[in-house]
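Novice: Based on what follows, work out the 3D shape:
(one chain, ligands or ions: 1)
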Amino acid sequence: MKQLRSISAMRSWRGFLSNRLVLVPTMGALHHGHAALIRRARKIAGSNGSVCVSIFVNPTQFGPNEDFSAYPRPLAKDLALCRAEGVDAVFLPKARDIYRSDASVSLQESTLSNTLCGRSRPGHFSGVLTIVAKLFFITLPTHAVFGEKDWQQLAIIRRMVRDLDIPVEIAGCPTVRETDFLAASSRNAYLTPVNRAQAPRIFAALKNASALSSIPAVIRSAQKSLAAIPGARIDYLEAVHAATLAPLRNRKSPGRLAVAVFLGKARLIDNIPLPVLP
Ligand code: PAF
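Specialist: Numbering: from 1, shown residues only. This next block holds a predicted model:
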């Protein structure tokens with residue numbers, strides 16, 4: 001497995017590839033959710049193609065009071081996971097190579113990012129789009145894989161690729177869950193044992209609510225269940241259209257029920273489908 005620590009090393013490796021290159025952009029602290037993204041990437045790449053994982057804790061997507069410096073960076077463990085999953089190359093750029101000190105260009109999405117995490121984390125999606133676009137321009141992948149746990153991120157990246165005619169095919173990968181259905185996330189490491197024991201109730205709240213036929217009933221039910229979790233504070237709870245992320249009014253279009261909850265020091269997000277009901 002190649003370790004590419006500079007943009008020029010990445011570009012020169014890329015120059016030798018003539019088949020599919022599938023990129024899995026990550027911020028490291030890899031877990032079995034990332035392993036599923038890598039396996040999906042391998043499937044798309046096929047036996048002649050290549051899989052590249054980028055590991056970069058992107059400073060521009062963190063707000064001033066968020067966990068950028070505390071974000072876990074277990075590089076040796078991450079490399080071991082990539083090696084075990086048969087990754088061909090890991091791209092490990094340095095922040096000073098990615099962002100010039102006088103950088104003055106960034107990307108902005110103006111519709112899908114006005115809700116959910118975009119509303120609670122101003123500037124977050126501008127940081128995400130800018131780094132993802134830069135990773136695309138540096139690595140020139142044919143395909144890229146993102147997790148559905150970050151549903152809004154996936155929708156906004158798809159929009160960026162559409163609106164800027166970026167020739168990269170985007171694949172979404174279903175959320176990987178622990179055995180108690182908590183969504184796998186690097187931020188689960190912030191949970192105390194007490195909060196960890198409560199955390200699966202977030203998914204249960206969404207799941208039970210999603211069976212109800214009216215959107216107000218769905219929201220009321222999930223809100224009630226979430227409010228009953230000791231120490232939980234709801235950041236947002238919304239039913240949105242699956243593609244446009246506009247508020248979902250009824251169950252005649254495919255939707256997502258999306259939530260962000262503070263549990264102790266951790267801010268956990270999750271979402272589940274709200275399929276069309278007859
Ligand atoms: O989902 C993530 O881990 C990050 O937002 C991404 C896509 C790697 C951009 O930094």
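Novice: Provide a list of residues in contact with the residue lying closest to S186 once chain neighbours are set aside.
Specialist: Nearest residue to S186 in three dimensions, chain neighbours excluded: A29, at 3.7 Å (Cβ to Cβ, 6 or more residues apart in numbering). Yep, even glycine has a C-beta here, placed from its N, CA and C like the rest. A29 is in contact with 71-74, 78, 186, 189, counting by Cβ atoms under 8 Å, 6 or more residues apart in numbering.
Novice: next one: I166
Specialist: Taking Cβ under 8 Å, 6+ apart, we find I166 in contact with 133, 136, 160.
Novice: who wins for neighbours among the residues you listed?
Specialist: M160 (22 neighbours; other Cβ atoms under 10 Å).
Novice: Quick one: name the residues of this structure near the ligand.
Specialist: Contact residues (Cβ under 6 Å from any ligand atom) of the chain with the ligand: 25-27, 58, 61, 128, 131-132, 150, 153.
Novice: Mark which of those residues are part of helices, please.
Specialist: The helices, defined by DSSP state H, take in 128, 131-132, 153 from the residues of the chain next to the ligand.
Novice: okay, those residues in a markdown table with pLDDT and neighbour count next?
Specialist: Compiled in a markdown table, these are given as follows (pLDDT from 0 to 100; neighbours: other Cβ atoms under 10 Å):
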| residue | pLDDT | neighbour count |
| --- | --- | --- |
| V128 | 98 | 26 |
| I131 | 98 | 23 |
| V132 | 99 | 27 |
| Q153 | 98 | 24 |
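Novice: Closest one of those residues to L112?
Specialist: Q153 (9.8 Å; Cβ to Cβ).
Novice: Which residue, neighbours along the chain excluded, lies closest to the closest one?
Specialist: Closest residue in space to Q153, ignoring its immediate chain neighbours: V128 at 5.9 Å, by Cβ to Cβ, 6+ apart.
Novice: ok, now A205?
Specialist: Using Cβ to Cβ, 6+ apart and skipping the chain neighbours, the partner closest in space to A205 is S225 (3.5 Å).
Novice: quick one: contacts for the one you found?
Specialist: Residues near S225 by Cβ under 8 Å, 6+ apart: 201, 204-205, 208-209.
Novice: Run the chain-centre distance for stretch 81-89.
Specialist: 20 Å (Cα atoms, centre = their mean, to the nearest Å).
Novice: Quick check: end-to-end length of it?
Specialist: Stretch 81-89 has an end-to-end distance of 12 Å (criterion: Cα to Cα, to the nearest Å).
Novice: can you list contacts of it?
Specialist: 1-4, 10, 13, 24, 30, 34-35, 38-39, 42, 50-53, 90.
Novice: Mind checking which of those are in helices?
Specialist: Assignment to helices by DSSP H places the following of the contacts of stretch 81-89 there: 10, 13, 34-35, 38-39, 42.
Novice: Please identify which of these is nearest to the ligand.
Specialist: H34 (8.6 Å; Cβ to the nearest ligand atom).
Novice: ok, that closest one touching V24?
Specialist: Yes - under the criterion of Cβ atoms under 8 Å, H34 makes contact with V24 at 7.2 Å.
Novice: what about the two, which has more around it?
Specialist: Legend: neighbour count by other Cβ under 10 Å for H34 and V24, higher for V24 (30 against 26).
Novice: Distance-wise, check the more buried one relative to R187.
Specialist: V24 sits 18 Å away from R187, taking Cβ to Cβ, to the nearest Å as the criterion.
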